[in-house]
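>>> requesting a structural model of the entry that follows:
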Amino acid sequence: MKKTVLLLLIIVSLLLVSCSKKSEEGSAASGVKPLEHGSSMDALAPPSDPEIISELAVKALMDTEEYSSVRECPVEYVMVHFCSEVVNDKNDPFNAENIKKTFEKNSVSINYIILRDGTIRCWIPEQRVAWHAGKGVWNGDEKYTDKMNKYSIGIELTAIGSKSDMKQYVSSSYYNSIPKSFIGFTDEQYESLVALLGDICQRWSIPLDRDHIIGHSEYSSLKTDPGELFDWERVISELQNSNKR
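You can find the predicted model right below:
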């Protein structure tokens, strides 16, 4: 009888330990908090974990299975781009849904897009690799050659660059017919970009400097975005000042 009771106690004890262990493992797996600093490594957990999306953004996801891949490396860079549908429609070049369709048609994607009024939309969560950088080289490091997507988060701003930036896309006469208000970037976009960069860089421990916040053209010689109208000095200055507060 005593042996039976002792055996039962041992079994119960083992079951309790096992349950406790599973509970801890479950907590770790579901413990990704979207805006908690230090959660970046949790973003490399299985894709079933919660989506990591800035609270500054509206969730408007692309099909993540079809247009992104699982992130396996911590984010080291943020890459800034511009985009529009001006080639197809110069009178309504910033329609986000039309831009998204063009992205899908060309099998490209982006983590965030900032509209003219400063609205931020998330198309691909941060724990997924968006396909935005393409082929390129960074600092001559083979690690990043044609692989920058794996190490970066991409941000698009809806904008049209200078005539020089756009010459590979439209003719000079076509460019001259584009409404002037569509050229360059808005104050609202700059404000949203600074806020979003601060949020992303804190989460992934990315330095707030031009060595880690880069333009598409700096990586790929075939690209011109975000272009010569983009005010890098304003962005980095405001970003660093906001971090001191």
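
>>> domains for the protein, by residue range?
1-30, 38-244 (automatic domain parsing).

>>> got CSV for those domains, with mean neighbour count too?
(Glycine included, C-beta is placed from N, CA and C.) Shown next, in CSV, are these (neighbours: other Cβ atoms under 10 Å):
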stretch, mean neighbour count
domain 1-30, 10
domain 38-244, 17
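
>>> if you average pLDDT over each of those domains, which is lowest?
Among these, domain 1-30 has the lowest mean pLDDT, at a mean of 35.

>>> in the chain, which spans are strands?
58-59, 68-70, 77-83, 112-114, 120-122, 128-130, 152-158, 213-215 (DSSP state E).

>>> can you show me the CA trace of the third one as CSV?
So the one you mean is strand 77-83. Provided in CSV are the C-alpha atoms of strand 77-83 (Å, rounded to 0.1, in the frame of the first residue of the first chain):
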residue,chain,number,x,y,z
TYR,A,77,19.5,48.4,-41.3
VAL,A,78,16.4,50.4,-42.4
MET,A,79,16.2,51.2,-46.1
VAL,A,80,14.2,54.2,-47.4
HIS,A,81,12.5,54.3,-50.9
PHE,A,82,10.0,56.3,-52.8
CYS,A,83,7.3,54.9,-55.0
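
>>> quick one: residues in contact with that strand.
Residues outside strand 77-83 that contact it (Cβ atoms under 8 Å, 6 or more residues apart in numbering) are 99, 110, 113, 132-133, 138, 148, 151-161, 185, 193, 197, 200-201, 206, 212-216, 219, 225-227, 230.

>>> 7 Å instead, please
99, 132-133, 148, 151-159, 161, 197, 200-201, 206, 212-216, 219, 225-227 (Cβ atoms under 7 Å, 6 or more residues apart in numbering).

>>> parallel or antiparallel, which strands does it pair with?
Paired strands of strand 77-83, with direction, are strand 152-158 (parallel), strand 213-215 (parallel) (DSSP bridges).

>>> can you put the ones you listed in CSV and add distance to K105?
Below are these laid out as CSV (distance: least, Cβ to Cβ, whole Å):
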stretch, distance to K105
strand 152-158, 16
strand 213-215, 24
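
>>> between the ones you listed, which one is nearest to D165?
Proximity to D165, assessed across these by Cβ to Cβ, is greatest for strand 213-215 (11.0 Å).

>>> list of residues touching the closest one?
77-80, 197, 225-226.

>>> nearest to E65 among those?
Using Cβ to Cβ, the contacts of strand 213-215 come closest to E65 at M79, 22.5 Å.

>>> distance of that closest one relative to K147?
According to Cβ to Cβ, to the nearest Å, M79 stands 13 Å off from K147.

>>> got a list of what the residue lying closest to F230 once chain neighbours are set aside touches?
Leaving aside its sequence neighbours, F230 sits nearest to F185 (Cβ to Cβ, 6 or more residues apart in numbering; 6.4 Å). Contact analysis of F185 by Cβ under 7 Å, 6+ apart lists 157, 159, 229-230.
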